[in-house]
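# Okay, predicted coordinates and the sequence, questions at the end:
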Amino acid sequence: MSVFSIEGGRPLGGTVKVHGAKNSVLPILAAAFLVPGECVIHNCPRLTDVEGTLAILRHLGCRVRREGDTVTVDASAPAAADVPDALMRQMRSSVVFLGPILGRMGRAELSYPGGCELGPRPIDLHLTALRALGAEIEERGSRLSCRGELKGADLTLSLPSVGATENAMLAAVAAQGVTTITNAAREPEITDLQNFLNTMGADIRGAGSSVVTVRGGRPLHGGEHTVIADRIVACTYLSAAACAGGEAEVTGVDWRHLSTVTAVLAEAGCRVKSSPTAISLTAPKRLKAVRPVRTAPYPGFPTDAQAIVMAALCKAEGATVFAENMFDSRYRHVDELTRMGADIRAEGRVAVVYGVPRLFGARVTAADLRGGAALVVAGLGAEGETVVSGLEHIDRGYADLSGGLAALGARIARNEETVSES
């Protein structure tokens, strides 16, 4: 069993480059299945979710090659229109293959996806959007059987779902005619997907706004694209410096993509400076509580940053209220932070963090991806040794998190522990 061993209580200092965005590269890789040619994707991080996505592409008949952080996908000769249950269960985002497979093959056979347990996350919005484009979808137990000739349509999402927006865009690229997606998600990853598809010959406009227009049926071709930096990874490094003290600079990231996060850290007393491709943070002697933090769709405060920033504020002077408006079960890190001395009261979607002077090292377990990152942040600011297990969750979204933090001066190592049988 892999664990992080962290010697906390040491201020950080240094510069680290942020790798490609998990939530961008996964739909981009799925989109490559639509292209009857070779797509070269740069800044593609080594994440377990990425490896799972590449396994799906190989199953579908694509030729896949990785050289460093560059992945080449050749979907010239697709050989399948189904995704095995074992591959679907590895990650929530696997459902994004529904639109590309249906659009390219005229049929698709998948099961419901897996991923972190964050409460109910139905894919009804995905299915409603695809049905509006002409798909016939039959649900049999845990399997989805989809067929149909897709045609452009006017879609209005009841919620600005990132995944549903991506699936609708991907299917609409293959549909004949114009598709308008209203109440679309506005995240930077949506814009990155648009830029990738347009580079490959698609005609999509409006990403980053609430209305996206796709002129479908255009011939696609191969090309190259560089994935944007991961704003939540950048948030993790900055929050680590805020919690441990010292300073950190993250490079390769667009500050506008996480301005709501840096605004909270600045309110907590950090000095934040931004340039077009970097963000630097200098922590005060002690953080202070901030006004209520409410998660919301972009450009609001990201739900993925909630646990990470909460960990940093555990030692702040005063009390901070967090309101989680996106998922039902996103406070699973609270009990583990409490084991480290944090004082947090959570009920329903609200958690109140009462700042304590010190945190203490402990053995803790990650229950999900971002909650695991929060435990690492807390460990860096705690006195003594913290051992974090459950790294299989963290590996889904961080490529060598320990290496990145070590570049900032953290004393953190990834070790193997033997699990004794009871």
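Yes, it's here.
# what sits against Leu401?
Contacts were defined as Cβ atoms under 8 Å, 6 or more residues apart in numbering; by that measure Leu401 touches 4, 236, 373, 376, 394. The way it works is simple: take the backbone N, C-alpha and C, and place the C-beta from them, glycine included.
# Present those residues as JSON lines; the columns should include pLDDT, neighbour count and distance to Arg143.
As requested, those are arranged in JSON lines below (pLDDT from 0 to 100; neighbours: other Cβ atoms under 10 Å; distance: Cβ to Cβ, whole Å):
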{"residue": "Phe4", "pLDDT": "98", "neighbour count": "24", "distance to Arg143": "38"}
{"residue": "Thr236", "pLDDT": "98", "neighbour count": "29", "distance to Arg143": "36"}
{"residue": "Ala373", "pLDDT": "98", "neighbour count": "29", "distance to Arg143": "33"}
{"residue": "Val376", "pLDDT": "98", "neighbour count": "28", "distance to Arg143": "37"}
{"residue": "Ile394", "pLDDT": "97", "neighbour count": "26", "distance to Arg143": "30"}
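# Closest one to Glu136 out of those, please.
Each of the contacts of Leu401 was scored against Glu136 by Cβ to Cβ, and Ile394 proved nearest at 39.6 Å.
# ok, the closest one - contacts?
366, 369, 372-373, 376, 388, 401.
# so how far is Ile28 from it?
22 Å (Cβ to Cβ, to the nearest Å).
# and if you look at Arg349?
Noted for Arg349: a distance of 32 Å to Ile28, by Cβ to Cβ.
# What sits closest to Asp343 if chain neighbours are left out?
Leaving out its chain neighbours, the residue that sits closest to Asp343 by Cβ to Cβ, 6 or more residues apart in numbering is Tyr354, at 4.1 Å.
# correct me, but that neighbour touches Ala346?
No: in this structure, Tyr354 sits apart from Ala346 without contact. The criterion is Cβ atoms under 8 Å, and the distance is 11.8 Å.
# More neighbours: the two, which one.
Taking neighbours as other Cβ atoms under 10 Å, Tyr354 and Ala346 compare with Ala346 leading, 19 against 14.
# show me where the stretch 151-300 of the chain has strands.
Remark: strands assigned in the stretch 151-300 of the chain by DSSP state E, counting those that start in this stretch are 154-156, 177-182, 203-205, 211-216, 223-226, 247-251, 271-275, 278-282, 293-294.
# Report the strands that pair with the third one, each with its relative direction.
It stands for strand 203-205. When pairs are called by DSSP bridges, strand 203-205 turns out to pair with strand 211-216 (antiparallel).
# outside of the partner strand, which residues touch it?
By Cβ under 8 Å, 6+ apart, the residues outside strand 211-216 that reach it are 150, 152, 165, 169, 172-182, 184, 190, 194, 202-206.
# starting at the chain centroid, how far to that strand?
Strand 211-216 has its C-alpha centroid displaced from the chain centroid by 24 Å (Cα atoms, centre = their mean, to the nearest Å).
# Only the buried residues of it, if you could.
Residues of strand 211-216 classed as buried: 212-216 (neighbour count, 16 or more other Cβ atoms under 10 Å).
# Just want to check the distance between the residue nearest to Asp343 and Leu313.
From Tyr354 over to Leu313 the distance is 10 Å, taken as Cβ to Cβ.
# try Thr165
In this structure, Thr165 lies at 31 Å from Leu313, with Cβ to Cβ as the measure.
# what's the closest of the contacts of Ile394 to Pro11?
Distances from the contacts of Ile394 to Pro11 were compared by Cβ to Cβ; the smallest belongs to Val376, at 16.1 Å.
# is it true that the closest one touches Arg414?
No: counting by Cβ under 8 Å, no contact exists between Val376 and Arg414, whose distance comes to 11.0 Å.
# Now tell me what touches the helix or strand bottoming out on mean pLDDT in the chain from outside.
Across the helices and strands of the chain, mean confidence by mean pLDDT, DSSP states H and E is lowest for helix 85-88: a mean of 87. The set of residues that contact helix 85-88 without belonging to it, under Cβ under 8 Å, 6+ apart, is 52, 55-56, 59, 94-95, 110-114, 142.
# Which element, helix or strand, includes Ala399?
Under DSSP states H and E, no helix or strand contains Ala399.
# what's the neighbour count on the closest residue to it other than its chain neighbours?
Take Ala399 and drop its neighbours on the chain: the residue closest to it by Cβ to Cβ, 6+ apart is Pro45, 4.0 Å away. Burial of Pro45, expressed as a neighbour count using other Cβ under 10 Å, amounts to 22.
# Ala312 now?
Ala312 has 29 neighbouring residues, counting by other Cβ under 10 Å.
# List the backbone torsions phi and psi for it.
phi -70, psi -30 (degrees, to the nearest 10).
# Partner strands of the helix or strand Val71 falls within and their direction?
In the assignment (DSSP H and E), Val71 maps to strand 70-74. Strand 70-74 has the following strand partners under DSSP bridges: strand 38-42 (antiparallel), strand 63-67 (antiparallel).
# Quick one, which of the ones you listed gets closest to Glu336.
Closest of those to Glu336 is strand 63-67, at 33.9 Å (criterion: Cβ to Cβ).
# For the closest one, give the mean pLDDT please.
In this model, strand 63-67 carries a mean pLDDT of 98.
# ok, now how distant is Ile28 from Glu166?
As judged by Cβ to Cβ, Ile28 and Glu166 stand 10 Å apart.
# which residues do the two both contact?
Taking Cβ under 8 Å, 6+ apart as the contact rule, the neighbours common to Ile28 and Glu166 are Leu193.
# quick one on the thing from earlier: between the contacts of helix 85-88, which sits nearest Ala80?
Compare each of the contacts of helix 85-88 with Ala80 using Cβ to Cβ and the shortest gap goes to His59, at 6.1 Å.
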